[in-house]
Structure formats: structure tokens, C-alpha cells
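[1] here is the input, now give the coordinates:
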Amino acid sequence: MDLSNSSPVITDPLAISQPLLGGLPSNLMQFSVMPGGYSSSGMNVSVSRLKIEEALVNGLLDAMKSSSPRRRLNVAFGQDNSADEDPAYSAWMAKCPSALTSFKQIVAGAQGKKIAVFLDYDGTLSPIVDDPDKAVMSPVMRASVRNVAKYFPTAIVSGRSRNKVFEFVKLKELYYAGSHGMDIMASSANYEHNAEKCKQASLFQPASEFLPMIDEVTESLLQVVSGIDGATVENNKFCVSVHYRNVAEEDWETVARLVNEVLEAFPRLKVTNGRMVLEVRPVIDWDKGKAVEFLLQSLGLDDSENVIPIYIGDDRTDEDAFKVLRQRNCGYGILVSQVPKETQAFYSLRDPSEVMEFLNFLVRWKKHLM
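    Sure, this is the predicted structure:
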């Protein structure tokens, strides 16, 4: 199952102009963004059209359910014990083993090489919470990320807006890619091997022409979901998140239908799904995987024989980055999950606490080599 293409996509039958990429270093011109999608032939408004719309809604609803599994909690302690009790999870772990128990194997080939660390935010560095605005990183997690950044080039790659995720993380020594990699900022981190490259790649926004459209669709989505209890809309600058975590499951179909109806007026936007969220994004050939490739090259870390990228994420959108690492045949994708999932990742971690433990392992391993 190819998760990168599993969500329904609504696209523009007209050609999409390529955004301006002036000012990019010559070695980054390959990252010019090409339009994606398909063209639809002219169809009269008819029963066939209604069937197509119904199929889109049903497909989106199925994707919402598959990407947002309900976990069974231990009522007495409020803990998730489903993984310990589920034989399917144990079988899945055999294919996607713990990055903690496999740590020696992960770093075995890293002697004399550079490691670059890429981290999702929600569900990876902070727990998933009911209110997205309260997904705060703990002080101990922040300390772990800061320590990792002392020894390895480290980037946050999030669906959140770049400014929002920086407000959560508050670490200037990192690189930030917000809006699923459509808003990349490299800090002035003083790594000797990439200081000059960092200046060159200070800002990259391949979807800048879509900003007015994103603001417009945000307003439309706010209006249509205002009557659904628990639904919220978040403008992440180059994409829009429709959160349904607090929506009753019997109302998910209504959310899917309303989002689909709004996007009929915005054919240059598409909808994909993540953990309890629908993501409305521009129809361009750009995602978290492309963002990782861009950062690796712009920071002078694209030598696949001497650089080992490690990407840790929990969401379906992170699969694009996992897939890139597999295709490059270098580095490791690590999925954060307590339930078995189809994934392109090599390893797994259960939750943010294990992510922090893994990051601490990396720091101790590096110090031991020094």
C-alpha cells in the first residue's frame, strides 16, 4: 500500500503556473516545484457527477478512519495497553522493531559519518492533545532536542506553520520546515561544515503564490464547520488543518462532505488526511520528503555515502520522508506509533517519551566517540 497516494485529491483541470524561484543557489534549482494532479474531462452536472462526489466523500471518510484509530485505554490508570495485548502489534514490531532495542544496529554504520536529525513535532516531540494550541513541548524534551542539536544538524519538519512550531520549540539552533515543508527557514547555527550553505538556504517557500487562496479557503472552512461540535480550523500559512479529534465519530462524514464541498471552489487545492486532521494543501509536487531532500542538499549534507539522515515522525504525512530515505538507500525512518500501521519506516518508537530516550541515546553515543 503506497500511503503517499492514499488520500483523495481534488485538482485543477487548468495548468498551474510554476512559482518564482529567484535567488536560489544554482545547485538547488532542481527543487523547482512542478504542478501535480490530473485533468478531468468535461462532464455535465448529472447522476455521474453526484456519484463521483459521493465516492470522494466516502474515500475521504475511509481515510479519516484508517489514519485515526481509536485506542483502548486502561480505565483504572488512563493508560493505553492495547499494544501490549495486541498480537498484531507484536507481529508488526517484528517488521518495524524498536529503535531503542535496535540502537546499536542503527549507529553501527555511522562511524566516521555525519548524522542529520529530522523531527516531526505533534505526536513526536509533544503528545497529541485535544487542543492543538496546547501541544506544548516539555522542558526535558526541549533539553534533549537542544543537546542533539549541539552534535548533529537538526531540523523540525511539521505540518504546523513555521512560526507556530518555533513558538512551541523555542530553539534558535535548529532548522525549521513548516507547512509540510512549504516554508523552510535555516537558522544561523554555527556548524563549521555548513555555515555558508545555511546562509544560502535561509528561506524557501515554493507555494508563496497560494497565500491569498489559503486565507480565503480558511474563511470558507471556518464558516461551514462552525456548526459541528468539536471541529476546529487552523491556518498554517501554506496549508489549512481541519481538526476533528473532538468531533463525534458519527459526524465525521459531515466534516468530510463539507470540506469536499468547499474545495469544489478551490480546484488548485487538495485534501489529505493525518491523525485526526484533514490537511488542505496546494496542488504542487512538494511534501515533507522533498523538504528533507532540500535541506540535505542546501546544507551540504546530501552525500549519501557519508551522511546518515534519521527522520522521526508519527503521521501519514511523514511517510513521504520515510519513502525518500528508502529510495536514497541511506538513513532511517522511525515511526512513532502504538498501533500497527503500513509504513515506509525501518524502525518504530511508541510515544514521545521513547523519542526523547532515543535522542538521549544519540547524544551519549556521540559523546562516547569524542
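[2] do a quick rundown of the helices in the stretch 151-300 of the chain.
    Under the criterion DSSP state H, counting those that start in this stretch, helices of the stretch 151-300 of the chain are mapped to 162-169, 195-200, 211-225, 252-263, 288-298.
[3] minimum distance to Asp62: which of these has it?
    Closest approach to Asp62 among the helices of the stretch 151-300 of the chain is made by helix 252-263 (9.3 Å; CB to CB). Where C-beta positions appear, they are placed from N, C-alpha and C, glycine not excepted.
[4] output that closest one as CSV, restricted to C-alpha atoms.
    Written as CSV, here are the backbone C-alpha positions of helix 252-263 (Å, rounded to 0.1, in the frame of the first residue of the first chain):
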residue,chain,number,x,y,z
TRP,A,252,-17.0,12.6,10.6
GLU,A,253,-18.9,12.1,7.4
THR,A,254,-20.4,15.6,7.7
VAL,A,255,-16.9,17.0,8.1
ALA,A,256,-15.7,15.2,5.1
ARG,A,257,-18.6,16.3,3.0
LEU,A,258,-18.3,19.9,4.0
VAL,A,259,-14.6,20.0,3.3
ASN,A,260,-15.1,18.4,-0.1
GLU,A,261,-17.9,20.9,-1.0
VAL,A,262,-15.7,23.9,-0.1
LEU,A,263,-12.8,22.6,-2.2
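[5] return the list of helices and strands in contact with that helix.
    Taking 3 or more CB pairs under 8 Å, 6 or more residues apart in numbering; DSSP states H and E as contact, the helices and strands that helix 252-263 lies on are helix 47-67, helix 211-225, strand 269-274, strand 277-282.
[6] single out the most deeply packed of these.
    Comparing those on average neighbours per residue, with mean count of other CB atoms under 10 Å, the densest one is strand 277-282 at a mean of 25.
[7] for that one, name the packing helices and strands.
    Contacts defined by 3+ CB pairs under 8 Å, 6+ apart place strand 277-282 against helix 211-225, strand 240-243, helix 252-263, strand 269-274.
[8] one more time with 10 Å
    Secondary structure elements in contact with strand 277-282, counted by 3 or more CB pairs under 10 Å, 6 or more residues apart in numbering; DSSP states H and E, are helix 47-67, helix 211-225, strand 232-235, strand 240-243, helix 252-263, strand 269-274.
[9] turn the ones you listed into a markdown table, including distance to Met137 and mean pLDDT.
    A markdown table is the format used below for the helices and strands packed on strand 277-282 (distance: least, CB to CB, whole Å; pLDDT from 0 to 100):
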| stretch | distance to Met137 | mean pLDDT |
| --- | --- | --- |
| helix 47-67 | 23 | 67 |
| helix 211-225 | 25 | 97 |
| strand 232-235 | 18 | 96 |
| strand 240-243 | 18 | 96 |
| helix 252-263 | 28 | 94 |
| strand 269-274 | 19 | 91 |
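[10] hang on, the earlier thing: need the helices of the stretch 151-300 of the chain in CSV (columns: distance to Leu125).
    Output for the helices of the stretch 151-300 of the chain, formatted as CSV (distance: least, CB to CB, whole Å):
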stretch, distance to Leu125
helix 162-169, 7
helix 195-200, 22
helix 211-225, 25
helix 252-263, 27
helix 288-298, 15
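[11] for Lys114, which of the ones you listed is the nearest?
    helix 288-298 (10.5 Å).
[12] with just CA atoms, put the closest one into PDB.
    Below are the C-alpha coordinates for helix 288-298, written out as PDB (Å, rounded to 0.1, in the frame of the first residue of the first chain):
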ATOM      1  CA  LYS A 288       8.000  16.500   3.700                       C
ATOM      2  CA  GLY A 289      10.200  14.200   1.700                       C
ATOM      3  CA  LYS A 290      11.000  17.000  -0.800                       C
ATOM      4  CA  ALA A 291      11.700  19.200   2.200                       C
ATOM      5  CA  VAL A 292      14.200  16.700   3.700                       C
ATOM      6  CA  GLU A 293      16.000  16.400   0.300                       C
ATOM      7  CA  PHE A 294      16.100  20.200   0.000                       C
ATOM      8  CA  LEU A 295      17.600  20.700   3.500                       C
ATOM      9  CA  LEU A 296      20.100  17.900   3.000                       C
ATOM     10  CA  GLN A 297      21.400  19.500  -0.200                       C
ATOM     11  CA  SER A 298      21.200  23.100   0.800                       C
END
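[13] could you say what helices and strands that helix packs with?
    Based on contacts counted as 3+ CB pairs under 10 Å, 6+ apart, the elements that helix 288-298 packs against are strand 114-119, strand 154-157, strand 175-178, strand 183-185, helix 195-200, strand 203-204, strand 307-313, helix 319-328.
[14] weakest of these by average pLDDT?
    For those, mean pLDDT drops lowest on helix 195-200, to a mean of 46.
[15] show the contacting residues for Asp320.
    Applying CB atoms under 10 Å, 6 or more residues apart in numbering to Asp320 gives the contacts 3-4, 157, 180-181, 286-292, 311, 313, 344.
[16] farthest-apart pair in those residues, please.
    Maximum distance among the contacts of Asp320 (CB to CB): 17.9 Å, for Trp286 and Gln344.
[17] among these two, which residue is more densely surrounded?
    Using other CB atoms under 10 Å, the more surrounded residue of Trp286 and Gln344 is Trp286, with 24 against 21.
[18] my guess is that one contacts Lys270. True?
    No: under the criterion of CB atoms under 10 Å, Trp286 is not in contact with Lys270, lying 11.6 Å apart.
[19] so Val324 touches Leu295, yeah?
    No: under the criterion of CB under 10 Å, Val324 makes no contact with Leu295, lying 11.2 Å away.
[20] more crowded one of the two?
    When Val324 and Leu295 are compared on other CB under 10 Å, the one with more neighbours turns out to be Leu295, at 26 against 23.
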